[in-house]
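J.: Output the structure for:
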Amino acid sequence: MFSFETKSVVMFEQGLTGVVERTIKPGAKGQIKFQGSYWSAALYPPHHDKAIPRGQRVTIIGREGITLLVHPML
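T.: Numbering: from 1, shown residues only. Purely as a prediction, here's the structure:
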């Protein structure tokens, strides 16, 4: 998978799919399951105004450190 890095944020060239395990709220981290493992996750861009509830699928668009950056699947 190819990615490019800007400061500490790495954006992925292609989105990946995960499932929310712990609700992701605006301005707070939640948790997703991706490829059989659990990961810390945050909304990106961070100005989303709605939480993503448990069980909803998300698109993983990048990472910041070990936190995956996600947005709701359309």
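J.: Quick check: the gap between Arg63 and Gln56.
T.: 19 Å (C-beta to C-beta, to the nearest Å). C-beta coordinates here come from the backbone N, C-alpha and C atoms, glycine included.
J.: Which one's more surrounded, the two?
T.: Using other C-beta atoms under 10 Å as the criterion, Arg63 and Gln56 rank with Arg63 on top: 22 against 16.
J.: Identify the residue spatially nearest to the more buried one, adjacent ones excluded.
T.: Distances taken as C-beta to C-beta, 6 or more residues apart in numbering put Val10 closest to Arg63, at 5.2 Å, once the chain neighbours are dropped.
J.: Show me what that neighbour is bridged to.
T.: Beta bridges link Val10 to Glu5, Arg63, judged by DSSP bridges.
J.: any idea how far it lies from Pro53?
T.: Going from Val10 to Pro53 by C-beta to C-beta gives 26 Å.
J.: Please point out which parts of stretch 40-57 sit buried.
T.: Neighbour counts over stretch 40-57 (16 or more other C-beta atoms under 10 Å) mark Ser40, Ala41, Ala42, Leu43, Tyr44, His48, Ala51, Ile52, Gln56 as buried.
J.: Quick check: the second one touching Ile66?
T.: What that stands for is Ala41. No - applying C-beta atoms under 8 Å, one finds Ala41 not in contact with Ile66, separated by 10.3 Å.
J.: just to revisit the earlier point, for the buried residues of stretch 40-57, give me a markdown table that also has pLDDT.
T.: Shown next, in a markdown table, are these (pLDDT from 0 to 100):
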| residue | pLDDT |
| --- | --- |
| Ser40 | 97 |
| Ala41 | 97 |
| Ala42 | 96 |
| Leu43 | 95 |
| Tyr44 | 90 |
| His48 | 80 |
| Ala51 | 94 |
| Ile52 | 96 |
| Gln56 | 97 |
